[in-house]
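Asks: sequence first, then the predicted structure, then my questions.
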Amino acid sequence: MIISCDDRGRCLVVSVSGRLDTLTSPDLDKAGKSWIEEGKVDVVLDMEGLDYISSAGLRSILALAKAIEANGGRLVLCNVRGMVEEVLSMSGFDSFLSIFADIDSAVGFF
Amino acid sequence: MESCCRVFNAETGDVEEVISFISSLSSCLSERKRQYLDLAVEEIFVNICLYAYEMPPGTVMVAFEELDDSVSVEFQDDGLPFDPLAQAEPDLTLAMEDRSGGGLGILLTRRVMDEVHYNRKDGKNSLKIVVRK
């Protein structure tokens, strides 16, 4: 998995690509902790390049969303597609996370 | 028609190896069904690694079989008796702050596979997943 960040001022846009699974989700946990420590409040998680997600990835997203909210911010997702979109729906994550069609509309939410 | 079996150490670091073993045998499936199978294989293997053995690592036997209309993968471990299908599914209607993230692996496995069977026999846990072609 590759994680790349783009600070848009009003929020941080984080693009993840590849696979978010048992082996790679600790990388997202670690990155998430550092954004929160740096005081980044609102985060857009752009999943355009994400091909695969498992329950370990879902747990990382849940923990990240809770930590960001505890910090007074929001985590929103965008560009979910394919099996990633199906897994988010099967697990009911699409009922408590806001999901936008693209980066611009997600950034516009903040 | 093909069948093939391998024994792996029950260590999460080996999950990629298990996925590539099954993936290399399941070219008869569509791209989406191969992703589903990857997902179920990861969830089951990692679950065994984390919970089956009091004195890790034990081993997991992974057996692949292709039939006319389906593909199956059976996981056998000789760890603690555990039927994942008997566990309550997580409540998907809870608000985010009340969700724990537990139980999602087996929930996803049940959703993406056409059949999931658990058996306890000869002191072993056997979990078999089936996906139709």
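Replies: Great, that's in hand. Numbers count the residues shown, from 1 in each chain, chains lettered A, B, ... in the order given.

Asks: got the contact list for residue 14?
Replies: In the absence of a named chain, chain A is used. Contacts of residue A:14 were listed using CB atoms under 8 Å, 6 or more residues apart in numbering or on different chains, and they are A:3-6, A:31, A:35, A:43-46. From N, CA and C alone the C-beta is placed, and that goes for glycine too.

Asks: hmm, I had chain B in mind actually
Replies: Counting by CB under 8 Å, 6+ apart, residue B:14 touches B:8, B:45, B:49.

Asks: from those residues, which land in helices?
Replies: Counting by DSSP state H, the part of the contacts of residue B:14 found in helices is B:45, B:49.

Asks: for the contacts of residue B:14, give me CSV that also has distance to chain A, pLDDT and neighbour count.
Replies: As requested, the contacts of residue B:14 are arranged in CSV below (distance: CB to the nearest CB, whole Å; pLDDT from 0 to 100; neighbours: other CB atoms under 10 Å in any protein chain shown):
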residue, distance to chain A, pLDDT, neighbour count
B:8, 14, 97, 19
B:45, 9, 98, 27
B:49, 9, 95, 25
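
Asks: can you name the residue of chain A nearest chain B?
Replies: Residue nearest to chain B within chain A (CB to the nearest CB): residue A:92, separated by 3.1 Å.

Asks: that residue contacts residue B:93, correct?
Replies: Yes - assessed by CB atoms under 8 Å, residue A:92 is found in contact with residue B:93 at 7.0 Å.

Asks: which of the two has more residues huddled nearby?
Replies: A count of neighbours by other CB atoms under 10 Å in any protein chain shown puts residue A:92 above the other of residue A:92 and residue B:93, at 18 against 10.

Asks: where does the more buried one land on pLDDT?
Replies: In the predicted model, residue A:92 carries a pLDDT score of 97.

Asks: for the closest residue to residue B:82 other than its chain neighbours, give me its contacts.
Replies: Setting aside the residues directly before and after it, residue B:82 is nearest to residue B:125 in space (CB to CB, 6 or more residues apart in numbering or on different chains), at 6.0 Å. With contact taken as CB under 8 Å, 6+ apart, residue B:125 is in contact with B:48, B:52, B:75-79, B:81-83, B:118-119.

Asks: partners of whichever strand or helix holds residue A:47, with directions?
Replies: Here residue A:47, judged by DSSP states H and E, is contained in strand A:43-53. With DSSP bridges as the test, strand A:43-53 is paired with strand A:12-20 (parallel), strand A:75-78 (parallel).
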